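Q: Sequence and predicted structure below; questions after.
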Amino acid sequence: MAIEREQLPELGEWDGPVFGELGVLAADEDGRVQCHVCGKHYAALGRHVVLSHELTPDAYRAIFGLRVTHGLVGPAYRSVLSRLAEHNPGLTRRWQVQRESDYATLREARRAQPSGQPWRLEAKTDPKNRAIFRELAGRAGRRIHELHRAGEWSPPGFSDARASSRKGVERLQELRADPAYRAAIGRRISRSMGGRPRVRMTCVVCGTSFEIEASQVRKGRGKTCGVDCWRENQRRGLRAYNASHPEVRRLQQDARYLQLLAALQRLPAEALDRLTGEERDVLTHYYGLAGNQVASQAEIGRRLGRGPRWVRSTLARGVDRLLGHGAERQPVPSRRGGSGAAPHPPDSTRGSGGHPEGRSATEEPAPRA
């Protein structure tokens, strides 16, 4: 029964730094081998790569080009194992049985894999293998020359040069009539001549210098170096627009608005938890709390899909909930009024019972004189 092996990564498939040379397991003067991942030296790498780098020994060998049969131990540790084997024949037999079992497992796994597997880098750079490759290549070249002299082999291609030239000209004419081919040739010629002119710009957000095509700069682009800086630039523009809005400018000059803003800023951050979701959203955007930018009542209404009366009443309820019922009798600036002259929302000017004259519905009206 064939045994399935894990899907091993390719050579060099590692996103971090690589210490040492690929295909070589370097050792120091003390006989310890160097880890390709962290650069530290250990007597044996098998346990280290599993616990520290979450790599199996087979995956480690595949990534850094070591042979499948290459043990991840240093010369010092290998000599200790050899001495143990000499003084303990029973241990040697157990190791031999384990080695034969491992080799049998490896052979089964190799049979399960398709043929034509690439050679490991260590095997390619082995001087013995390189000598064998040169010998095989020379033997194949000599055999081809013998067949060519005997007339049994000829190089691939057209035997008639004129016929091949005529077919090449016809094919070239067909390609020249293809718009996609002409566009590809134009791009290749442009790249060979230096490509489109590029200019160096400085990001307006982070100050990083970068290159961009001059045509993009003429279109008004090239102010930022990336997506994150572009988004930050958009946020800055939005903040500048909100600060220049007529209603926002009026609010920043309104004494009553500034008085309520100072009172809200003195509250602890946990005070906003007493508000409902809608009250918190409206209040924090109108007064610029919790890191939000100041927005007008009209802008808040458009964003939430609500009318101006709902925004004013929600704003008043939020102020009363945070500052107490004494604050609800004071006028809150709105988009229709100036400093202290704006009418308070209808729902917030009522008393604790919601009566339009500011008293509870259960109170009796005062007798007229």
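A: Yep, it's here. Residues are numbered from 1 along each chain as shown.

Q: Now do the contacts for P118.
A: L11 (Cβ atoms under 8 Å, 6 or more residues apart in numbering). Yep, even glycine has a C-beta here, placed from its N, CA and C like the rest.

Q: Go again with 10 Å.
A: 10-11, 124 (Cβ atoms under 10 Å, 6 or more residues apart in numbering).

Q: Quickly find the element holding it.
A: According to DSSP states H and E, P118 maps onto no helix or strand at all.

Q: Where does pLDDT dip in this structure?
A: Filtered on pLDDT under 70, the chain yields the residue ranges 1-6, 89-96, 99, 103, 106-117, 157-161, 193-195, 238-245, 325-369.

Q: Can you show me the helices along the stretch 251-369 of the chain?
A: 255-265, 277-287, 297-304, 308-323 (DSSP state H, counting those that start in this stretch).

Q: Can you say which of those helices is nearest to E213?
A: helix 297-304 (36.9 Å; Cβ to Cβ).

Q: Okay, angle between the closest one and helix 308-323 too, please.
A: Angle of helix 297-304 versus helix 308-323, following axes from the mean of the first three to the mean of the last three Cα atoms, to 10 degrees, is 100 degrees.

Q: Restrict helix 297-304 to CA atoms and write it as PDB.
A: The C-alpha atoms that make up helix 297-304 are tabulated as PDB, following Å, rounded to 0.1, in the frame of the first residue of the first chain:
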ATOM      1  CA  GLN A 297     -27.500  69.500  11.500                       C
ATOM      2  CA  ALA A 298     -28.300  69.500   7.800                       C
ATOM      3  CA  GLU A 299     -25.400  67.200   7.100                       C
ATOM      4  CA  ILE A 300     -26.200  64.900   9.900                       C
ATOM      5  CA  GLY A 301     -29.800  64.600   8.700                       C
ATOM      6  CA  ARG A 302     -28.700  63.800   5.100                       C
ATOM      7  CA  ARG A 303     -26.300  61.200   6.400                       C
ATOM      8  CA  LEU A 304     -28.900  59.500   8.600                       C
END
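
Q: And that helix, how far out from the chain middle?
A: 35 Å (Cα atoms, centre = their mean, to the nearest Å).

Q: packing partners for that helix?
A: In terms of contacts (3 or more Cβ pairs under 10 Å, 6 or more residues apart in numbering; DSSP states H and E), helix 297-304 is packed against helix 246-252, helix 277-287, helix 308-323.

Q: can I get the ones you listed in TSV with mean neighbour count and distance to V204?
A: Formatted as TSV, the helices and strands packed on helix 297-304 follow (neighbours: other Cβ atoms under 10 Å; distance: least, Cβ to Cβ, whole Å):
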stretch	mean neighbour count	distance to V204
helix 246-252	16	24
helix 277-287	20	26
helix 308-323	21	34
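
Q: Any chance of TSV for those, columns distance to A263?
A: Compiled in TSV, the helices and strands packed on helix 297-304 are given as follows (distance: least, Cβ to Cβ, whole Å):
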stretch	distance to A263
helix 246-252	15
helix 277-287	10
helix 308-323	6
